[in-house]
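Undergrad: Need the 3D shape of this:
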Amino acid sequence: MFVLVEMTDTVRIPPWQFERKLNESIAEELNKKLANKVVYNVGLCICLYDITKLEDSYIFPGDGASHTKVHFRYVVFHPFLDEILVGHIKSCSQDGVHVSIGFFDDIVIPPESLQQPAKFDEAEQVWVWEYETEEGAHDLYMDIGEEIRFRVVDETFVDTSPTGPSSAEASTSNATEEVQKKEAPYTLVGSISEPGLGLLSWWTNS
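TA: This is a model prediction of the structure:
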């Protein structure tokens, strides 16, 4: 679930921090820049693990700050495919079950990856597993807040960095829609379509 990623960056330290130890100032600046941020094709950055190398610091004309090239390792949330995770149901919609693991909310389990047969209850706004038994079908509701075990089957990274202005042919309304449209930079796709996966209460209750 968590991995160590080697990174390199040039860190700017303002003059009023020169009285502090360089390592402490650099660690603080790196966490300010990266913590709780998604790096494209890397994952969600959590915190600095260690600094492996500090190169020479430079002060450039017109800028009293020091600039230091830093090699470091960062703790990143990036589950591998087929990893089993446990979270809580955040909400349900026609698109599937939306899951949160506390510090990360962009997890969705699409309808085709639920325990089958499944249906969406419009009145309750929850998904229901129609569990077949010898006595007939029993509706098992996927209520909000319930703990759920799922398998990671896919991931999607979206480059949300700023883009240039739209082409002259594009209409102003389309450009406005593109600006207003927000996409999650990192999304996990889960599945519960196998025995043992789904709500923990399904498998722990006798």
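Undergrad: what ranges do the strands span in the protein?
TA: Along the chain, counting by DSSP state E, strands occupy 2-13, 38-39, 43-59, 66-77, 84-93, 96-100, 107-109, 118-121, 126-133, 136-141, 147-157, 186-191, 198-199.
Undergrad: angle of the third one against strand 186-191?
TA: The reference is to strand 43-59. 160 degrees (axes from the mean of the first three to the mean of the last three Cα atoms, to 10 degrees).
Undergrad: do the first one as well
TA: Regarding strand 2-13 and strand 186-191, their directions subtend 170 degrees when assessed with the same axes, to 10 degrees.
Undergrad: Need the CA coordinates for strand 2-13. CSV is fine.
TA: The C-alpha trace of strand 2-13 is given here as CSV (Å, rounded to 0.1, in the frame of the first residue of the first chain):
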residue,chain,number,x,y,z
PHE,A,2,2.8,2.4,0.9
VAL,A,3,6.1,2.6,-1.1
LEU,A,4,9.3,4.5,-0.8
VAL,A,5,10.0,6.6,-3.9
GLU,A,6,13.4,8.2,-4.7
MET,A,7,13.0,11.8,-5.8
THR,A,8,15.2,14.8,-6.6
ASP,A,9,14.3,18.4,-6.3
THR,A,10,15.9,21.8,-5.8
VAL,A,11,14.8,23.4,-2.5
ARG,A,12,14.8,27.1,-1.9
ILE,A,13,15.6,28.2,1.7
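Undergrad: Neighbouring strands - and their directions - for that strand?
TA: Looking at strand 2-13 with DSSP bridges, its partner strands are strand 66-77 (antiparallel).
Undergrad: centre of the chain versus the strand it pairs with, how much separation?
TA: 20 Å (Cα atoms, centre = their mean, to the nearest Å).
Undergrad: In it, which residues are buried?
TA: 66, 68, 70, 72, 74-77 (16 or more other Cβ atoms under 10 Å). Using the backbone N, CA and C atoms, a C-beta is placed for each residue, glycine as well.
Undergrad: Check what contacts it and list those residues.
TA: Residues outside strand 66-77 that contact it (Cβ atoms under 8 Å, 6 or more residues apart in numbering) are 1-13, 18, 22, 26, 30, 34, 39, 42-60, 103-104.
Undergrad: Drop anything exposed from the residues you listed.
TA: Buried among the contacts of strand 66-77 (16+ other Cβ under 10 Å): 7, 11, 13, 22, 26, 30, 34, 39, 42-46, 48, 51, 57, 104.
Undergrad: How about residue 93: which residues does it bridge to?
TA: residue 96.
Undergrad: Can you spell out the domain ranges of the chain, please?
TA: Domains of the chain are assigned by the TED database as 2-77, 83-160+178-202.
Undergrad: Nice, that's everything, thank you.
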